[in-house]
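Chemist: what shape does this take:
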Amino acid sequence: MLKSKEIKLATTLLKENKVVILPTDTIYGLSAIFNEENEKQINLIKKSDQSKKLIVLFSKLSQIKNLVKITEQFKKNTKSKEPITQILKTKNSSIALRMVKRKDLKKIINRVGLIYSTSVNYSGNPFLTKLEEFRLFNIKVSEVFWDGELISKPSKIIDLIENKVIR
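Modeler: Presented below is the predicted three-dimensional model:
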């Protein structure tokens, strides 16, 4: 778990629209506040197609109630012990959402609102796991919030629009 001074620094940097590396329930993520400018910035850092959609993390259902229709299946999936990202329809498009379980990440999201989180890597390459790799990754990342090596796998992705498992 991140210490309170790290949570405070992460909150400050995110509010300044900086991109940071944060530990998540699964792997480390490139994170920034949920807005169009930051989505473009993260895709630029990852050398991804600018139209690539990113996973959005939230800590409580009230944060997403204006974005999507929250179904019973969605609620049930958020209670799973396994980290699940769910794709839902929005007014004009779709969005991939995951409710976080980590207490430190919940505190950050409760202070800044929704954040993007995507694997730390260049598009098409394996995700990074070691502190030295993160430090060398990209100079446009403002800070690495290290909490030890996370030896997990990315979240399961369920498309609730098409009713299928993607990953």
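Chemist: which residue lies farthest from the center of this protein?
Modeler: residue 72 (22.6 Å; Cα atoms, centre = their mean).
Chemist: ok, it to residue 78 distance?
Modeler: Distance of residue 72 to residue 78, given as Cβ to Cβ, to the nearest Å: 11 Å. No exception for glycine: its C-beta is placed from N, CA and C like everyone else's.
Chemist: next one: residue 44
Modeler: In terms of Cβ to Cβ, residue 44 sits 31 Å off from residue 78.
Chemist: mind listing what's buried in the lowest-mean-pLDDT helix or strand in the chain?
Modeler: Across the helices and strands of the chain, mean confidence by mean pLDDT, DSSP states H and E is lowest for helix 131-137: a mean of 92. Using 16 or more other Cβ atoms under 10 Å as the test for burial, helix 131-137 gives 134, 137.
Chemist: what's the first helix or strand after that helix?
Modeler: strand 143-144 (DSSP states H and E).
Chemist: right, and residue 143 touches residue 18 too?
Modeler: Yes - using Cβ atoms under 8 Å, residue 143 is in contact with residue 18, at 7.4 Å.
Chemist: can you give me the pLDDT of the spatially most central residue of the chain?
Modeler: Residue closest to the average C-alpha location in the chain (Cα atoms, centre = their mean): residue 117, at 2.0 Å. On pLDDT, residue 117 comes in at 97.
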